[in-house]
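S.K.: Let's see this in three dimensions:
(2 chains)
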Protein chains: 2
Amino acid sequence: MDKVKIIEVKESIFADNNKEAELLRTRLKEEKTFLLNLMSSPGSGKTTVLMRTIEALRDEFRIGVMEADIDSAVDAEKIASTGVKSIQLHTGGMCHLDAGMTEQGLKELGTEDLDLVILENVGNLVCPAEFDTGAVKNAMILSVPEGHDKPLKYPLIFTVCDVLIINKIDVMPYFDFDLDKVREYAYMRNPRLKIFPVSAKTGEGIDAWTDWLRQQVNEWNQA
Amino acid sequence: MDKVKIIEVKESIFADNNKEAELLRTRLKEEKTFLLNLMSSPGSGKTTVLMRTIEALRDEFRIGVMEADIDSAVDAEKIASTGVKSIQLHTGGMCHLDAGMTEQGLKELGTEDLDLVILENVGNLVCPAEFDTGAVKNAMILSVPEGHDKPLKYPLIFTVCDVLIINKIDVMPYFDFDLDKVREYAYMRNPRLKIFPVSAKTGEGIDAWTDWLRQQVNEWNQA
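M.R.: Numbering: from 1, shown residues only, chains lettered A, B, ... in the order given. Have a look, this model is predicted:
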């Protein structure tokens, strides 16, 4: 396993997280760095989707990754094996990242020479949705085994995300998962949501997702 | 669908949650009511495990269920269809329940005539682990699709639980999940953990889990 840098990020000192997030986005705009905040439940396949995303876009963009976890460095080690710049953020038990914590991570990662930074947030459908990290876009993954009723139970995360990636569609035959229903429930929460069904395992559907992300990064960095 | 009672539980007014939890446990002991706190990620199959548990124990115990969610009543409606006493708790966006919130729920449920109450906590591996609800025992579910590395990433919940139910073992052939590794990692966090691999879908392994729970309820209520 590759050795990765582990950063202990501290709870933000800023009283106004939204303002801090806006300041961070403004700085990222000036630096021509696109920050994607990727959220999901534990075990939905964030890291595998990320590996596929890196594979698809690494020839076009200089990519960096921040893996946030309560503990361990298993994800950052996987990402480091792809050769892209990556660090592990430990949240000291906290269930989310805010803009100040994201900024501490970006500082350690170094963003001057990066076009695209992906933040893999703590695995959790509740708390991460409550804090603007300063990301340009928010994406979430819902995996087939979790069930199609999740937009009913965890409304906020579906509301704040620009993209819903539905992962593990290769195992759809073994689960009682209704793609039409999840679309219906997700659009109830957020009619503007882009939905991409994928299998990070087989690669199915990954192109549509990375085409969307490519366009977003180009728009942000070239405007 | 059966209509269920929905209770909005409010953040606890008690400064010392641990003390409040102890007081609640003492009261439950006097009332001969066993409270189980069931935790897991979203979509790990808490409600299906619960349905199987009710099926196995309903002839021996008078059972009540509290379903905690940010929103919706889909789980409580499923439970109500089994005929056991159940209510839905809404946490007003909060990612966990504490002892005070649990007590509000128990009061609405009414525990005098119940031997066993199961609290289905908010789907989340981080925050619920930080708050003693007053339960007699804590159980968590990890499902096969989530992966065997979860004890490395979410240490606290494995530490505070008495039982780890590994659910969805029927889909093991379709996932890269190592049962020996998850046991090894889980015992690193908590050597006293009882581990029950089950499939709530097929019923495999449910007996071992409900045998353990039956014994715990009998010990608590008869002592």
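S.K.: Would you confirm that A:T133 contacts A:A21?
M.R.: Yes: using C-beta atoms under 8 Å, A:T133 makes contact with A:A21 at a distance of 6.5 Å. Every residue, glycine included, has its C-beta placed from N, CA and C.
S.K.: The top helix by length along chain A packs against which elements?
M.R.: Looking only at chain A and at elements set by DSSP state H, the helix with the highest residue count is helix A:206-222. Using 3 or more C-beta pairs under 8 Å, 6 or more residues apart in numbering or on different chains; DSSP states H and E, the elements in contact with helix A:206-222 are strand A:34-40, helix A:46-57, strand A:163-167, strand A:194-197.
S.K.: could you dump these to CSV with mean neighbour count and distance to chain B?
M.R.: Output for the helices and strands packed on helix A:206-222, formatted as CSV (neighbours: other C-beta atoms under 10 Å in any protein chain shown; distance: least, C-beta to the nearest C-beta, whole Å):
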stretch, mean neighbour count, distance to chain B
strand A:34-40, 25, 9
helix A:46-57, 21, 9
strand A:163-167, 25, 10
strand A:194-197, 18, 16
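S.K.: could I get these as CSV with distance to B:N121?
M.R.: Formatted as CSV, the helices and strands packed on helix A:206-222 follow (distance: least, C-beta to C-beta, whole Å):
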stretch, distance to B:N121
strand A:34-40, 19
helix A:46-57, 23
strand A:163-167, 24
strand A:194-197, 29
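S.K.: Could you export those as CSV, including mean pLDDT?
M.R.: CSV is the format used below for the helices and strands packed on helix A:206-222 (pLDDT from 0 to 100):
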stretch, mean pLDDT
strand A:34-40, 98
helix A:46-57, 96
strand A:163-167, 98
strand A:194-197, 98
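S.K.: B:L89 is nearest to which of those?
M.R.: Closest approach to B:L89 among the helices and strands packed on helix A:206-222 is made by strand A:34-40 (24.1 Å; C-beta to C-beta).
S.K.: just the CA coordinates of the closest one, formatted as PDB?
M.R.: Output of strand A:34-40 as PDB, limited to C-alpha atoms (Å, rounded to 0.1, in the frame of the first residue of the first chain):
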ATOM      1  CA  PHE A  34     -13.200  22.900  -9.400                       C
ATOM      2  CA  LEU A  35     -14.200  21.300  -6.100                       C
ATOM      3  CA  LEU A  36     -16.700  18.400  -6.100                       C
ATOM      4  CA  ASN A  37     -18.300  17.300  -2.800                       C
ATOM      5  CA  LEU A  38     -19.200  13.600  -3.000                       C
ATOM      6  CA  MET A  39     -21.600  12.300  -0.300                       C
ATOM      7  CA  SER A  40     -23.300   9.000   0.500                       C
END
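S.K.: And it, how far out from the chain middle?
M.R.: Its chain's C-alpha centre and that of strand A:34-40 lie 3 Å apart, by C-alpha atoms, centre = their mean, to the nearest Å.
S.K.: what do you get for stretch A:97-114?
M.R.: Mean-position distance between stretch A:97-114 and its chain equals 14 Å (C-alpha atoms, centre = their mean).
S.K.: Which of the helices and strands in chain A ranks last by mean pLDDT?
M.R.: Within chain A, no helix or strand scores below strand A:5-8, which has a mean of 85 by mean pLDDT, DSSP states H and E.
S.K.: so what strands line up beside that one?
M.R.: strand A:85-90 (parallel) (DSSP bridges).
S.K.: tell me the angle of the partner strand relative to helix A:46-57?
M.R.: Angle, strand A:85-90 to helix A:46-57, by axes from the mean of the first three to the mean of the last three C-alpha atoms, to 10 degrees: 160 degrees.
S.K.: how about the CA coordinates for strand A:85-90, as PDB?
M.R.: Presented in PDB, the C-alpha positions along strand A:85-90 are these (Å, rounded to 0.1, in the frame of the first residue of the first chain):
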ATOM      1  CA  LYS A  85      -2.500  13.500  -5.500                       C
ATOM      2  CA  SER A  86      -4.500  12.400  -2.500                       C
ATOM      3  CA  ILE A  87      -4.700  13.000   1.300                       C
ATOM      4  CA  GLN A  88      -6.700  11.500   4.100                       C
ATOM      5  CA  LEU A  89      -8.600  13.800   6.400                       C
ATOM      6  CA  HIS A  90      -9.600  12.600   9.900                       C
END
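S.K.: Run through the neighbouring helices and strands of the helix or strand just after that strand.
M.R.: Of the helices and strands lying after strand A:85-90 in sequence (DSSP states H and E), the nearest is helix A:99-109. Applying 3+ C-beta pairs under 8 Å, 6+ apart, we find helix A:99-109 packed against strand A:5-8, helix A:17-31, strand A:34-40, strand A:63-69, strand A:85-90, strand A:116-120.
S.K.: nearest to A:Q215, of these?
M.R.: Closest approach to A:Q215 among the helices and strands packed on helix A:99-109 (C-beta to C-beta): strand A:34-40, 10.9 Å.
S.K.: residues from chain A in reach of chain B?
M.R.: Neighbours of chain B within chain A, by C-beta under 8 Å from any C-beta of the partner chain: A:41-44, A:69-72, A:74-75, A:93, A:95, A:122-127, A:130, A:143, A:145-147, A:149-150, A:152-156, A:168, A:170-171, A:174-175.
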